[in-house]
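Engineer: sequence unknown, structure follows:
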């Protein structure tokens, strides 16, 4: 983490919750400030989706980026009921913490201006559904794409397939960022068609 990007209090609290629970899959300090900056740019009355709440570190960055705004709806999906309950007790009222698997909740989610896919379901599986949740002009963020983080060939192949899938989708303009755990940003064309 850069000393120029201090962790906001909400992020510190979420990181402590992760530490206390032994949860080691929290969003890194590279993706966090990026999420905050992207959340700050969500249009008035916009919507943000996080797939994979975990202990709430990524969510805390998103909420911090929104500042005092209350016009944005934030939905976060977590399969682990205990983690979801812990996070639910520590977020503003405009954050909807949904418990369940992405695969099951997908039909009820709608579309979003910012989607952060940070769970197996929605990133490594059912990714085509995740892409469809991004509104025209919206941004999709993926992390954990640095293939060197994975020792098993099948995991590396999955990462490569997801990245290739986004690049092949003509609706998105894609940027891969080689920092933190390997990031990808994809912006959907405003007309909804080809970028």
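Structural biologist: On my side now, so go ahead. Everything numeric here is computed off the predicted structure, so don't read it as measured data.
Engineer: list the contacts for residue 103?
Structural biologist: Residues near residue 103 by CB atoms under 8 Å, 6 or more residues apart in numbering: 121, 125-126. C-beta coordinates here come from the backbone N, C-alpha and C atoms, glycine included.
Engineer: I'd like these laid out as JSON lines, including distance to residue 9 and secondary structure.
Structural biologist: JSON lines is the format used below for the contacts of residue 103 (distance: CB to CB, whole Å; DSSP: H, G, I helix; E, B strand; the rest coil):
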{"residue": "121", "distance to residue 9": "30", "secondary structure": "helix"}
{"residue": "125", "distance to residue 9": "35", "secondary structure": "strand"}
{"residue": "126", "distance to residue 9": "34", "secondary structure": "coil"}
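Engineer: of these, the lowest pLDDT goes to which?
Structural biologist: Within those, pLDDT reaches its minimum at residue 121, with 80.
Engineer: Apart from its neighbours in sequence, what residue is nearest that one?
Structural biologist: With sequence-adjacent residues excluded and distances taken as CB to CB, 6 or more residues apart in numbering, residue 121 is closest to residue 102, at 3.8 Å.
Engineer: neighbouring contacts of the longest strand belonging to the chain?
Structural biologist: The longest strand of the chain (DSSP state E) is strand 134-142. With CB under 8 Å, 6+ apart as the contact definition, strand 134-142 has outside contacts at 31, 34-35, 38, 43, 47, 111-118, 123, 130-131, 162, 166, 172, 183-192.
Engineer: again, but for stretch 162-179
Structural biologist: 30, 123-124, 127-128, 131, 134, 140, 142, 145-146, 182-189, 192-195.
Engineer: What of stretch 89-101?
Structural biologist: Here stretch 89-101 has contacts from 13-14, 17, 53, 56, 59, 63, 70, 72-79, 81, 84-85, 87-88, 105, 121, using CB under 8 Å, 6+ apart.
Engineer: hmm, which of these are the buried ones?
Structural biologist: 13-14, 17, 53, 56, 59, 63, 72-79, 84, 87-88, 105, 121 (16 or more other CB atoms under 10 Å).
Engineer: quick revisit: among the contacts of stretch 89-101, which ones are in helices?
Structural biologist: 13-14, 17, 59, 63, 81, 84-85, 87-88, 105 (DSSP state H).
Engineer: mind putting the residues you listed in TSV, distance to residue 24 and pLDDT included?
Structural biologist: Listed next are the ones in helices among the contacts of stretch 89-101 as TSV, based on distance: CB to CB, whole Å; pLDDT from 0 to 100:
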residue	distance to residue 24	pLDDT
13	17	83
14	14	79
17	13	81
59	17	95
63	22	96
81	19	95
84	18	92
85	19	90
87	16	90
88	21	91
105	24	95
